[in-house]
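> The sequence and its predicted three-dimensional model are supplied below.
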Amino acid sequence: MAIHKIKFFAGRGSRYLAEKIVASYGTTLGNSEVQQFSDGEFQPCFNESIRGCTVFIIQSTFPPLDNLMELLMMIDAARRASAYKVIAVMPYFGWARQDRKDRPRVPIGAKLVANMLVAAGVDRIMTMDLHADQIQGFFDVPVDALYASGIFVPYIKSLNIEDLSIAAPDMGGAKRANTYAKHLSAPIIISHKERAKANVVGKMTAIGDVKGRNVIIVDDMIDTAGTICMAADMLMEKGAKSVRAAITHPILSGQAYEKINASALQEVIVTDTIPLNPEKDLSKFKVMTVADIFANVIERVHNYKEISSIFFK
C-alpha cells in the first residue's frame, strides 16, 4: 500500500504544541503564514507545495473563535492545493459541551462544528478526551479519540499515594472515574451537584467513602473552576486527607486561577492541549504534554497500524 508523503502545519493558537508533536515525530513544521487584514479578517497560506501529501493541521479550537475559523480555512486551502488527505489534529475540540438540546430553541454546537469541518474538506479528525463520546458520531469521517489517561495514570502511580480514591466531579464523569480507578486499583467517589444556572453550582454532596482518603478528581475540562473547587472544599470538609485534580483541558476562564489558588486543591494536573496563562500564579499546576501520544497515533494512522492497544480505556 502506497504511503504518501506527510507534512505538518500548525494554526497560530497551537503552534507551541505542534512544535512538540513534530519534534516527537522526528520532523519539523511546514512553512505557512497568516495574512492579517486591518478589519480583523485573515487568510492562511501554505508557503510550500502540498500536492499529493497527507497533511496534518494541528489546532485546538479554544476561544477566540478565530482558532476554529483558521482551522477551517487551512483545511479548505489544503484541499484546494491538491493535498491527498487532510487530517485535523484538534487536541481540544471546542463547542463539545453543546452536544445535545438541553433546553428548547438552542443549537447543537458540536454537530454544527462537525458539519463545518466536513464541509471544509477534512478526511479525518484526531482529538483528545471529548466532552461527550457520542460526538464521534456527528462526523461522517473517521475520528481518533485519544485519552489523557495514558499520561495521567503513570504519573499518578509515580506519586505512590496511599489511601487513594478517584472522584468524579459529577454523575456524568462516573465512566471516566471508573477507568482511572480500575487502572489505579482505587475506590470511586461520585460528587453529585445541582446547578443553579450555567457555570454556577448550587450545592454538592459526595457519594462514597471520603474520610481518611487522598482524593484525585478526574475530569475532561476545567472552565470557571467553580465545580472543581467546590468539590475539593466539600471533600476536605468530609474528612479527606488531601485533594488533587487531573484535568485534560485547562480552559480556565474568568477568575479560575484565583479560585484554584484559594481552594483546598493541593495540585492540579493538566495537559498542554490549551496553554496556561503565564501571567497567573501557576504554583499549583503540573503540566504534562500530550505531544508523544499524538505523535505516536499520527505515525500509526499514517502507516495503517492499529491504535487501540496504546490507550487506557
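Yes, it's here. Residues are numbered from 1 along each chain as shown.

> Settle this for me: Ile6 is touching His302, isn't it.
Yes. Ile6 lies in contact with His302 (C-beta atoms under 8 Å); the separation is 5.5 Å. Where you see a C-beta, it was placed from the backbone N, CA and C, and this is true even at glycine.

> Spit out the residues that contact the two alike.
Thr54 (C-beta atoms under 8 Å, 6 or more residues apart in numbering).

> Can you get me a residue count around the residue lying closest to Leu17 once chain neighbours are set aside?
Spatially, and ignoring its direct neighbours in sequence, Leu17 is nearest to Asp272 (5.6 Å; C-beta to C-beta, 6 or more residues apart in numbering). The number of residues packed around Asp272, counting by other C-beta atoms under 10 Å, is 20.

> Please apply the same query to Met126.
22.

> Kindly provide the distance from it to Ala23.
17 Å (C-beta to C-beta, to the nearest Å).

> With Val122 instead?
For Val122 relative to Ala23 (C-beta to C-beta), the value is 24 Å.

> okay, the two: which has more neighbours?
Val122 (24 against 14).

> The more buried one is in contact with Val89, isn't it?
No. Using C-beta under 8 Å, Val122 is not in contact with Val89, being 10.5 Å away.

> tell me the SS of Leu235?
At Leu235, secondary structure determined by DSSP: H, G, I helix; E, B strand; the rest coil is helix.

> Actually, Gly173.
helix.

> Show the contacting residues for it.
The contact partners of Gly173, taken as C-beta under 8 Å, 6+ apart, are 218-220.

> switch to 7 Å and redo it
Residues in contact with Gly173, defined by C-beta atoms under 7 Å, 6 or more residues apart in numbering, are 218-219.

> contacting residues for the residue lying closest to Ile58 once chain neighbours are set aside?
Leaving out its chain neighbours, the residue that sits closest to Ile58 by C-beta to C-beta, 6+ apart is Ala18, at 4.0 Å. By C-beta under 7 Å, 6+ apart, the contact list for Ala18 reads 8, 10, 29, 58.

> Then Asp292?
With C-beta under 7 Å, 6+ apart, Asp292 has these contacts: Ser24.

> Could you verify that it is part of a helix?
Yes. Counting by three-state DSSP, Asp292 falls inside a helix.

> rewinding a little: just the contacts of Ala18: which are in helices?
Among the contacts of Ala18, the subset assigned to helices under DSSP state H is empty.

> Out of these, which two sit at the greatest distance?
Across those, the longest distance by C-beta to C-beta is 8.4 Å; it joins Leu29 and Ile58.

> between the two, what contacts are shared?
8, 10, 18.

> Report pLDDT for the first one.
Spelled out, that is Phe8. Note for Phe8: predicted pLDDT of 98.

> how about it, what does it touch?
Counted by C-beta under 7 Å, 6+ apart, Phe8 has contacts 18, 22, 27, 29-30, 56, 58.

> which residues does Glu237 contact?
Glu237 neighbours (C-beta under 7 Å, 6+ apart): none.

> how far away is the residue nearest to the spatial centre of the chain from Tyr257?
Per C-alpha atoms, centre = their mean, the C-alpha nearest to the average position across the chain is that of Tyr92, at 3.7 Å. If you measure Tyr92 against Tyr257 using C-beta to C-beta, the figure is 18 Å.

> which one of Leu29 and Ile58 has more residues nearby?
Ranked by neighbour count (other C-beta under 10 Å), Leu29 and Ile58 place Ile58 first, with 28 against 17.

> and that one, bridged to which residues?
Legend: beta-bridge partners of Ile58 under DSSP bridges are Ala10, Val89.

> Start the count at 54 instead of 1 going forward.
With the count now opening at 54, the last piece we talked about shows up as Ile111.

> I'd guessed it sits against Ser67; true?
Yes. Here Ile111 lies in contact with Ser67, judged by C-beta atoms under 7 Å, at a distance of 5.3 Å.

> Buried residues, the helix of greatest length in the chain. List them.
Criterion DSSP H: the longest helix present in the chain is helix 119-133. Residues of helix 119-133 classed as buried by neighbour count (16 or more other C-beta atoms under 10 Å): 120-132.
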